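Q: have a look; sequence and predicted model below, questions after that.
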Amino acid sequence: MIDKLTASVGTALDRFIQQKQEQFPYATGELSQLLRDIALASKIINREINRAGLAGIEGGAGSSNVQGEAQQKLDMIADVRFTRALSKGGETCGIVSEEMDDIIDTGNHHAKYIVTMDPLDGSSNIDVNVVVGTIFSIYRRRSPIGRPPTKEDMLQQGTEQIAAGYVLYGSSTMLVYSTGYGVNGFTYEPSLGEYFLSHPDMKCNDDGNIFSINEGGYKTFPEGLKEYIEMCKEREYSARYIGSLVGDFHRNLLKGGIYIYPSTSKYKKGKLRLLYECNALAFLAEQSGGVATNGYQRILELKPTELHERTPLYVGSKKMVEEAMKCLKQYE
Ligand code: AHM
Ligand code: MG
């Protein structure tokens, strides 16, 4: 039975990572190990998410889980699990997480990689059983090996990413990542506890007919954006918005579309964070043939100045993003 199952799906993630490493004779295996650490952490989060409903029934706030840990919100649990996996894995010297104000020093001062992550994006969706995701970027450190990580290590442009990806905890759990040579998607097979290649060399269509935006803030959107939205409606495009970035991005990557989080009156600079949400998705978008901008400039070329800074995001099919930018430009 298991043989049949494994034969019907693609290469296992571990083997895929190994094969890719072998294509680079000077590769040390550290990045491969880091990717395995992320995959492992995601399996643990996946298990926690699947138990979320039951955990609520089993005990309310103040009760403890089997390890005796106080029950926490899942986004905090995800943060702890990822940080632990990356620290124990030994390849990461510093982490920026949405859940922590400051840089996390893993203590691995001889490691050469930096990870920025949103361990559980869209976590408010868990209460209503809707998809959530993990988003991550990997950079090479800038500071000398052997020292604690610095802010400069963290504030690198998106163009410096070595790898980036996301995990989508949906009707299936998927890990989608790129090391700069295209984008590959892996689906988790829970009975085997392994990811298998299910979406090789993912490509974002040049054009699409899905627009994803929270229109609640329409009145305060930039004029050019209002015009673009009206254009989408005239063409009877489909409006699709989960309100969970990874889910919305993933759907548009597979089907062709645009995701927009603009500046609004509530979030003047947009809501999404450059370091651990926008850069990773911009990297994946470009690696799959799509485009990602803040409406005016390429996301990957923005120079970050703060760990948790925000930026508007226009990402997805090339033609759609370019058309939206054209509309914005008219009002510059
Ligand atoms: P979070 O990082 O606090 O979870 O917020 C990010 C989420 C994204 O997943 C989603 O695209 C967006 O916030 C939705 O925001 P809104 O409810 O304003 O449309
Ligand atoms: Mg987030």
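A: Received the coordinates, thanks. For clarity, every value in this text was computed on a predicted model and none was experimentally measured. Ligands and ions are numbered 1, 2, ... in the order given.

Q: which regions of the stretch 1-150 of the chain sit below the pLDDT cut-off?
A: Low-confidence regions of the stretch 1-150 of the chain, defined by pLDDT under 70, span residues 1-9, 54-72.

Q: let me see the contact set for the nearest residue to Thr305 once chain neighbours are set aside.
A: Using CB to CB, 6 or more residues apart in numbering and skipping the chain neighbours, the partner closest in space to Thr305 is Leu155 (6.7 Å). For the C-beta atoms, the positions are set from N, CA and C on the backbone; glycine is no exception. Leu155 makes contact with Leu275, Lys303, Pro304, Thr305, Glu306, Leu307 under the criterion CB atoms under 8 Å, 6 or more residues apart in numbering.

Q: mind running it again at 10 Å?
A: By CB atoms under 10 Å, 6 or more residues apart in numbering, the residues touching Leu155 are Val96, Thr116, Tyr139, Arg142, Leu274, Leu275, Lys303, Pro304, Thr305, Glu306, Leu307, Glu309.

Q: mind checking how far the nearest residue to the fifth one once chain neighbours are set aside is from Leu281?
A: Counting by CB to CB, 6+ apart, Leu274 lies nearest to Thr311, which is 4.8 Å off, once chain neighbours are set aside. Summarising the geometry, the distance separating Thr311 from Leu281, computed by CB to CB, to the nearest Å, is 11 Å.

Q: could you do Tyr177 as well?
A: Using CB to CB, we find Tyr177 at a distance of 12 Å from Leu281.

Q: which residues do Thr311 and Leu281 both contact?
A: Counting by CB under 10 Å, 6+ apart, the residues touching both Thr311 and Leu281 are Leu272, Ile299.

Q: looking at those two, which is more packed in?
A: Here Thr311 and Leu281 are compared on neighbour count by other CB atoms under 10 Å; more neighbours surround Leu281, at 29 against 24.

Q: that's a strand at that one, yeah?
A: No: membership of Leu281 in a strand is not supported by DSSP: H, G, I helix; E, B strand; the rest coil, which gives helix.

Q: can you tell me the closest non-neighbouring residue to it?
A: Once its chain neighbours are removed from consideration, Leu281 has its nearest residue in Phe249; the separation is 5.4 Å (CB to CB, 6+ apart).

Q: give the contact list for the one you found.
A: Under the criterion of CB under 10 Å, 6+ apart, the neighbours of Phe249 are 133, 135, 166, 168, 176, 204, 212, 242, 257, 259, 277, 280-281, 284-285, 290, 292, 313, 315-316.

Q: so it sits in a helix?
A: Yes: counting by three-state DSSP, Phe249 is located in a helix.

Q: hang on, the earlier thing: can you check which residues contact both of Tyr177 and Leu281?
A: Ala164, Gly165, Tyr166.

Q: what is the nearest of these to ligand 2?
A: Proximity to ligand 2 was ranked across the shared contacts of Tyr177 and Leu281 by CB to the ion; first place goes to Tyr166, at 11.1 Å.

Q: how far out from the middle of the chain is the strand or helix carrying that closest one?
A: Of the helices and strands defined by DSSP states H and E, Tyr166 is found in strand 163-169. In terms of CA atoms, centre = their mean, to the nearest Å, the gap separating the centre of strand 163-169 from the centre of its chain is 5 Å.
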